[in-house]
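Colleague: Below is the sequence, then the predicted model.
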Amino acid sequence: MKNPVRVAITGAAGNIGYAMAFRIAAGDMLGPDQPVILHLLEITPALPALQGVVMELNDCAFPLLAGVVATDKLEEAFKDVNYALLVGARPRGPGMERKDLLTANGAIFGPQGKALNDCASRDVKVLVVGNPANTNSLIAQCNAPDLDPKQFTAMTRLDHNRALSQLAEKTGVHFNFIKKMTIWGNHSSTQYPDISQCTVDGKAAPSLVERDWYEATFIPEVQQRGAAIIKARGASSAASAASAAIDHMRSWALGTAEGDWVSMGVPSDGSYGVAPGIIYSYPCVCKDGKYEIVQGLTVDEFSKAKMAATETELREERAAVEHLLKP
Ligand SMILES: NC(=O)C1=CN([C@@H]2O[C@H](COP(=O)(O)OP(=O)(O)OC[C@H]3O[C@@H](n4cnc5c(N)ncnc54)[C@H](O)[C@@H]3O)[C@@H](O)[C@H]2O)C=CC1
Ligand SMILES: O=C([O-])CC(=O)C(=O)O
């Protein structure tokens, strides 16, 4: 058995946190031979509910669960953690865009970035789920000057999985056989789900679907899926969001499959002409605990325009939180 690693979950008594903690403790994120110590953070009024989560975790008697820390203190929550899933933040309601949450949620991520900077293991991998995820991740990253910016990522894996699911349904081929899906840009309604590189059972995806379906149905449905879930459930996606977060961290830690890639919001390094200084979703391959942006893909005029539109939105979000970007 390996030595345990420490995994922080913020907002652990919330809907996503509740759906996530048990699966991580069961080994779904880091594998069946990796014990974990969970660090669960909540705001003070939610500590009694968090205690209930701890009681249930213990009652599962998970073989891989080596300990649980439950706290409302950032320093304790992030002490020596190897993985940090920053989920705790307000969800949106009907009729809102995710960026409408910036005022309510942005302020959470500066102090969390600073606490990670001061307390976390130097190899910490950070995933921001709380919305607007890309810009919140940027806020955390800017407040952690002693960590490598590449240690901060934002979640677009849920959009990636939604796109796989839509294309699988359309083509009648199980998503296990769909490779090289890409989400570019922001986790918002400007994101660009791109099937131009995708293969379905080895065949080029664009040759299997009508262009009109791709532009008028597929792209808007993936872009608007979060809102559709809110409308249907009366609450934002939780189990699928938790599952995508687990997928994101598993890919990053354990690697992506040969011949495939995943979508991750990562600090732009200028790849594909996207300005550095924002967290932008790219196709990424992961190996040995590191990710690399896939290079050299052909980008046509249609894609360029969509990629630029979502970049513009991210620059606007960054401008709106300029005051939160200094440590
Ligand atoms: N990136 C993505 O793909 C997705 C992101 N989300 C976002 O995830 C976030 C969480 O969603 P839910 O779990 O459904 O919300 P929720 O309201 O059920 O739970 C949020 C939890 O966070 C806690 N919390 C609030 N501020 C905190 C702080 N400063 N420190 C620690 N904990 C704090 C709350 O007490 C609550 O228990 C929302 O912002 C939502 O929009 C949701 C789905 C997908
Ligand atoms: O739509 C929302 O507000 C929640 C979310 O980010 C998603 O489900 O993708």
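Modeller: That came through fine. Ligands and ions are numbered 1, 2, ... in the order given.

Colleague: And the residue of the stretch 51-200 of the chain closest to ligand 2?
Modeller: Per CB to the nearest ligand atom, Arg92 is where the stretch 51-200 of the chain lies closest to ligand 2, at 4.2 Å. (C-beta placed from N, C-alpha, C; glycine too.)

Colleague: who in this structure is up against ligand 1?
Modeller: For the chain, the contact set with ligand 1 under CB under 6 Å from any ligand atom comprises 10-11, 13-17, 41-43, 46, 87-92, 108, 129-131, 133, 155, 158, 187, 236-238, 241.

Colleague: So what touches stretch 93-104?
Modeller: Residues outside stretch 93-104 that contact it (CB atoms under 8 Å, 6 or more residues apart in numbering): 89-92, 131-133, 135, 187-189, 226-227, 230-231, 313, 317, 320-321.

Colleague: Report how many residues lie close to Met181.
Modeller: 27 (other CB atoms under 10 Å).

Colleague: what's it in contact with, if anything?
Modeller: Taking CB under 8 Å, 6+ apart as the criterion, Met181 is in contact with His160, Ala163, Leu164, Leu167, Pro193, Asp194, Ile195, Cys198, Ser263.

Colleague: how about those residues in JSON lines, adding secondary structure and distance to Ala21?
Modeller: Converted to JSON lines, the contacts of Met181 look like this (DSSP: H, G, I helix; E, B strand; the rest coil; distance: CB to CB, whole Å):
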{"residue": "His160", "secondary structure": "helix", "distance to Ala21": "23"}
{"residue": "Ala163", "secondary structure": "helix", "distance to Ala21": "27"}
{"residue": "Leu164", "secondary structure": "helix", "distance to Ala21": "25"}
{"residue": "Leu167", "secondary structure": "helix", "distance to Ala21": "31"}
{"residue": "Pro193", "secondary structure": "strand", "distance to Ala21": "29"}
{"residue": "Asp194", "secondary structure": "strand", "distance to Ala21": "33"}
{"residue": "Ile195", "secondary structure": "coil", "distance to Ala21": "34"}
{"residue": "Cys198", "secondary structure": "coil", "distance to Ala21": "33"}
{"residue": "Ser263", "secondary structure": "strand", "distance to Ala21": "24"}
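
Colleague: where do the helices sit along the stretch 151-300 of the chain?
Modeller: Assigned by DSSP state H, counting those that start in this stretch, the stretch 151-300 of the chain shows helices spanning 157-171, 211-213, 219-223, 225-233, 239-254.

Colleague: In contact with Asp269, which residues?
Modeller: Asp269 touches Pro276, Ile293, counting by CB under 8 Å, 6+ apart.

Colleague: Next to ligand 2, which bits of the stretch 101-250 of the chain? Give me the list.
Modeller: The stretch 101-250 of the chain comes close to ligand 2 at residues Asn131, Leu158, Gly226, Ala227, Ile229, Ile230, Ser236, Ser237, Ala241, as judged by CB under 6 Å from any ligand atom.

Colleague: Who wins on neighbours among those residues?
Modeller: Neighbour tally across those (other CB under 10 Å): the maximum, 27 neighbours, falls on Asn131.

Colleague: Hmm, that one is touching Asn105, no?
Modeller: Yes: counting by CB atoms under 8 Å, Asn105 is a contact partner of Asn131 at 6.6 Å.

Colleague: Fine by me, we can end here.
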